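Novice: Build me a model:
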Amino acid sequence: MGPEAEIEARAARAAANWHGAWFAVLGLAALAWPNADNPPLVSLALAAAAAPGAVGLLLFWRRDWWVKGLVALAWPAGIGAAMAMTGGVVGPLAVLALGPAAAMAAVDGRRLIALGAAMTAAVLAAVVLAANAGEVGPTPAAAAWLALLVMGVTVFGLAAALQMTRARNGEREAVEAGEADRLKRILEAGPRLLLRLDAEGVVRELFCGAPDDSDKALLGKPFVSLAGETDKDAARAAVVLVGRLGEASVGFSPPMAPDRWLVAELRGLPNGEAVALVRDASPERAYEAYLEQARQDAENLAAAKSRFLANMSHELRTPLNAIIGFSDIMRSSLFGPLSARYAEYAGLIHESGGHLLDLINDVLDMSKIEAERFTLTREPFDAREAVSAALRLTRVQADQAKVALRGVLPPQSLEVDADRRALKQIVLNLVSNALKFTPAGGQVNVLARAQGSNLEIIVADTGIGISRTDLERLGRPYEQAGGADQRAMGTGLGLSLVRAFAELHGGAMIIKSRLGEGTAVTVRLPVMLDVAPENEPQPAPTASPRVATAARGDNVIAFNPQR
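Specialist: Numbers count the residues shown, from 1 in each chain. A predicted model of the protein is given here:
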C-alpha cells in the first residue's frame, strides 16, 4: 500500500470514528431527554439528528464513492427532519444545520467541504419552506437547555472535523514533499544532464549526476548557451520547435570542448515550459565517423580492384589473341602439315585460349561496370538478329550436351534501340547457363517478343533448378549456385552481367525456379522502337510441363522489378 492509500485509510477510519461519536452522543441524548409531550418530539428529533452518524459507520468497512454518497444524502435528510420537528430555523436544533458541513469536512475536507456548505444551505432552505407551509412542529419546552446541548455537540464536532482536515492535509503535504524530494534525489543521481526550461528557453532547474556536465552556472542562462558558436542557430531552432510541436532533438558541440558532441532531446510541458535531456554522444559520433571512413575505404578498395581487373584484363587480351591466332594457323596447317599429335595440341591450345578469352572478356565487362566506365553503344536494329546469332554460337554446345535447343522468334521484326553486343551477350549467357545445368535429353527454349514498349527475352530449361538459398545470392558478381562440381563450370559472372546489362538499359531480370524442375529467366528491356499492330504476343516457352510448374513456384527473385 502506497503512502497516499495509507492516508486515505487512516482518514476513513477517523471519519468513521467521528460519525460514531456523533451517533453515540445524540443517540444517548435522545434516550435520556425527558419528554412531556406525546409523541416525544425532542427524542425523535435527536434520534433523526443522530441517524447520519450511524450511516457514517459504514466508512469503517468501505471507502467507495457510493458509501460517501449515501452518507452525504443521510445528513441533510436527518438534520432537516430534526429541525422540522422542533421549531425550524428558530428552534433549539437550528445550530445542527452546521452538521452536514462538519461531516463532509470529517470525510474529506479537501474535496467535500464545498459540498457540506451547499448541503447546509439546502437544509436551511428546506426548513424555511416547510415553515411557510405550516409543516414545522412547535418549539419544545426547555428549549434553552436543548439548544446548549446541541450547540456544544455541533461546535465540538465541527472543531474535531476541522482538526482532522488539517491533520490530513498536513500528512498529504508531507507525503508530496517526500515524493518530490525522492524524485529530486533520483534526478540528481541520473547519468544525464536534465534541464527545466521556461517558455523563453532559459534554464530554471538543473539536475545531473555526471560531474563533467553539472555546470551550476547554467541556471538563469538560455539553453543556446550550451552550444558553440557554429551550433547556436540549431539549438535556437530546437527551442522554437519544441514550443510549436511539443518535441525536438538537436546535436551540438559545447563552447569550450569542440571535440565533444552533445545531443539534447526536448519535450514540451503544458505550461509552455520544456525539459531537455542532454547526453554526451561523442563515442557514438566517433563510431559513426569510423564506420563512414571504413565504408569509403571499402568503396575505394573495390574501385581500385575493379580498375586493376579492367587494366589487367585489357593487357591479357593482346597476348591471348596472339596465342589464339597462331594456334589457329598451326591447326589449319597454313605453312605445312603437322603431325597428328601436334595438330591435336594446336587445337587444344586454340580451344583453351578461346575459353580463357571469354572469361577475361566477362571480367573486363564486369570491372568496367563496377568502375562505372562501361558505356552502352545504342543503335537501332532488329533484335531477332542478335538472338539468332547467339543461338547459332551455342548450337554446338547444345549438341555436345545432347540438349534440345529451340528458339521462338516472331515473323515480324523487333526494332529496338539498344546495345547490340550487350543484347547478344545477354542471350549467350542465359543459354550457356541453361545448357550447363540441363542434363542430357533435356530442353532449352528461347523466346523473344514485344510486350508494349518492352523487349522480353525468356530462356526456360528443364535443368536441375535452383534452391531458394542459392536464388537469393544469384545476380551478384562471382556468386554461383549448385555444388562444387557445378561451380567449377564457370566464374559466377554470367547472370551478374545479364543483370547489369539489363539495368544499364533501364530494364530488369526475373528468375523463377524450383529445385529439380527447371528454371525460367525473363529479361525485360524498355527498348522497343515500334510495335507492329499485327504482332500478336507469343506465349512464354515451356520446354515441358515441369518448367511450367517451376514458373509457378514460390522460388522467384526479381532484380530491379520496379523499372
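
Novice: Residue 331: how many residues sit nearby?
Specialist: 19 (other Cβ atoms under 10 Å). For glycine as for every other residue, the C-beta is placed from the backbone atoms N, C-alpha and C.

Novice: Please apply the same query to residue 145.
Specialist: 11.

Novice: And residue 192, by the same measure?
Specialist: Residue 192 has 16 neighbours, counted by other Cβ under 10 Å.

Novice: Hmm, it is touching residue 281, no?
Specialist: No. Under the criterion of Cβ atoms under 8 Å, residue 192 makes no contact with residue 281, lying 11.2 Å away.

Novice: Can you give me the distance of the closest residue to residue 324 other than its chain neighbours to residue 436?
Specialist: Spatial nearest neighbour of residue 324, chain neighbours left out: residue 353 (4.2 Å); criterion: Cβ to Cβ, 6 or more residues apart in numbering. Distance, residue 353 to residue 436, by Cβ to Cβ, to the nearest Å: 20 Å.

Novice: With residue 167 instead?
Specialist: Residue 167 is 94 Å from residue 436, by Cβ to Cβ.

Novice: Look at those two and report which has more neighbours.
Specialist: residue 436 (18 against 15).

Novice: and the helix ranked longest in the chain, how far out from the chain's middle?
Specialist: Counting by DSSP state H, the longest helix found in the chain is helix 282-331. A distance of 40 Å separates the centroid of the chain from that of helix 282-331, by Cα atoms, centre = their mean, to the nearest Å.

Novice: and the angle for the helix or strand following that helix with helix 282-331?
Specialist: Later in the chain than helix 282-331, the nearest helix or strand by DSSP states H and E is helix 340-370. Orientation check (axes from the mean of the first three to the mean of the last three Cα atoms, to 10 degrees): helix 340-370 against helix 282-331 gives 150 degrees.

Novice: lowest-confidence helix or strand of this structure?
Specialist: In the chain, no helix or strand scores lower on mean pLDDT, DSSP states H and E than helix 545-551, which sits at a mean of 33.

Novice: where in the stretch 151-300 of the chain is pLDDT low?
Specialist: Applying pLDDT under 70 to the stretch 151-300 of the chain flags the ranges 186-190, 209-216.

Novice: mind running it again at 80?
Specialist: 161-162, 165-173, 175-176, 178-192, 208-218 (pLDDT under 80).

Novice: Quick one: the strands in it, in order.
Specialist: Ranges of strands in the stretch 151-300 of the chain, per DSSP state E, counting those that start in this stretch, are 193-197, 203-208, 247-252, 262-268, 274-280.

Novice: of the ones you listed, which approaches residue 457 most closely?
Specialist: strand 247-252 (50.7 Å; Cβ to Cβ).

Novice: Helices along this protein, start to end?
Specialist: 3-32, 41-56, 65-84, 99-132, 143-189, 232-245, 282-331, 340-370, 383-401, 420-436, 468-473, 484-487, 494-504, 545-551.

Novice: Please identify which of these is closest to residue 461.
Specialist: The nearest among the helices of the chain, by Cβ to Cβ, is helix 420-436 at 3.9 Å.

Novice: What average pLDDT does that closest one get?
Specialist: For helix 420-436, mean pLDDT is 89.

Novice: List the buried residues in it.
Specialist: 420, 422-436 (16 or more other Cβ atoms under 10 Å).

Novice: Break the chain into its domains for me.
Specialist: 3-185, 193-280, 287-370, 378-559 (automatic domain parsing).

Novice: burial measure for residue 126, as a count.
Specialist: Using other Cβ under 10 Å: residue 126 sits among 18 other residues.

Novice: need the contact list for it.
Specialist: By Cβ atoms under 8 Å, 6 or more residues apart in numbering, the contact set of residue 126 is 76, 80.

Novice: do that again at 6 Å, thanks
Specialist: residue 80 (Cβ atoms under 6 Å, 6 or more residues apart in numbering).

Novice: Also residue 346?
Specialist: 327, 330, 331.
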